[in-house]
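K.L.:
Okay, sequence plus prediction incoming.
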Amino acid sequence: MPSPNFNELEEGTELKLQFDKLKSVAKLAENTLPAIAQDINSKEVLIVGYVNQQALDYSLVHKVATFWSTSRNELWVKGASSGDLLTLIEVRVNCEQNAILYLVEPKTQSACHTKNKQGKSRKSCFYRSIISNGSLAFLEP
């Protein structure tokens with residue numbers, strides 16, 4: 001499968017779900033599991049990523065949501081370059097211990113690396129909804 005055009009993927013209205021993402025993550029040399037970051041106050045889901053033991057350990061020690069970048073194959077401290085840090089309040093583990101939930105307090109009003117029409121980083125990576133015709137609609141004004 002050809003690699004996606006990220007502008008179309010991130011800013012388009014055509015539904016192009018990456019059902020093969022977990023297959024590509026499974027091919028990495030790193031053992032990872034899904035990690036969801038949720039705003040502890042608003043309960044809004046901000047981002048979904050992956051963690052390995054190193055990312056989880058860093059998160060627990062430094063109290064900041066940290067992931068393992070599956071595209072760059074390196075530690076990814078969310079917000080280290082953008083300033084959109086997510087202060088870690090609590091880490092929860094699901095029943096099968098194959099996913100974690102970071103409960104966080106965002107340091108800014110943004111958590112996503114994409115930008116809206118005003119050029120501001122979006123609050124959450126979940127900024128589109130599937131509509132009845134199978135395409136995507138932006139949730140922001």
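P.N.:
Looks like it arrived, so ask away.
K.L.:
Check which helix or strand Leu22 maps to.
P.N.:
Taking DSSP states H and E as the criterion, the element that holds Leu22 is helix 21-26.
K.L.:
who's in contact with that helix?
P.N.:
Judged by C-beta atoms under 8 Å, 6 or more residues apart in numbering, the contacts made with helix 21-26 from elsewhere in the structure are 32, 50, 70. For glycine as for every other residue, the C-beta is placed from the backbone atoms N, C-alpha and C.
K.L.:
and the gap between the closest residue to Glu10 other than its chain neighbours and Asn41?
P.N.:
Nearest residue to Glu10, sequence neighbours excluded (C-beta to C-beta, 6 or more residues apart in numbering): Thr114, at 5.1 Å. Counting by C-beta to C-beta, to the nearest Å, the gap from Thr114 to Asn41 is 22 Å.
K.L.:
Kindly report the same for Val25.
P.N.:
30 Å.
K.L.:
report the longest helix in the chain, please.
P.N.:
Among the segments of the chain that qualify as a helix by DSSP state H, the longest is helix 53-62.
K.L.:
what's it packed up against?
P.N.:
Helix 53-62 makes packing contacts with strand 66-69, strand 74-77, strand 86-93 when contacts are defined by 3 or more C-beta pairs under 8 Å, 6 or more residues apart in numbering; DSSP states H and E.
K.L.:
returning to what we had before: so if I had to pick from Thr114 and Asn41, which one is more boxed in?
P.N.:
Thr114 (14 against 11; other C-beta atoms under 10 Å).
K.L.:
give the contact list for that one.
P.N.:
Taking C-beta under 8 Å, 6+ apart, we find Thr114 in contact with 10-11, 121-122, 125, 127.
K.L.:
which residue ranges form the strands in the protein?
P.N.:
Remark: strands assigned in the chain by DSSP state E are 33-39, 45-51, 66-69, 74-77, 86-93, 100-106, 128-130, 136-138.
K.L.:
Can you tell me which of those strands is most buried?
P.N.:
Neighbour counts (mean count of other C-beta atoms under 10 Å) averaged over each of these peak at strand 66-69, with a mean of 22.
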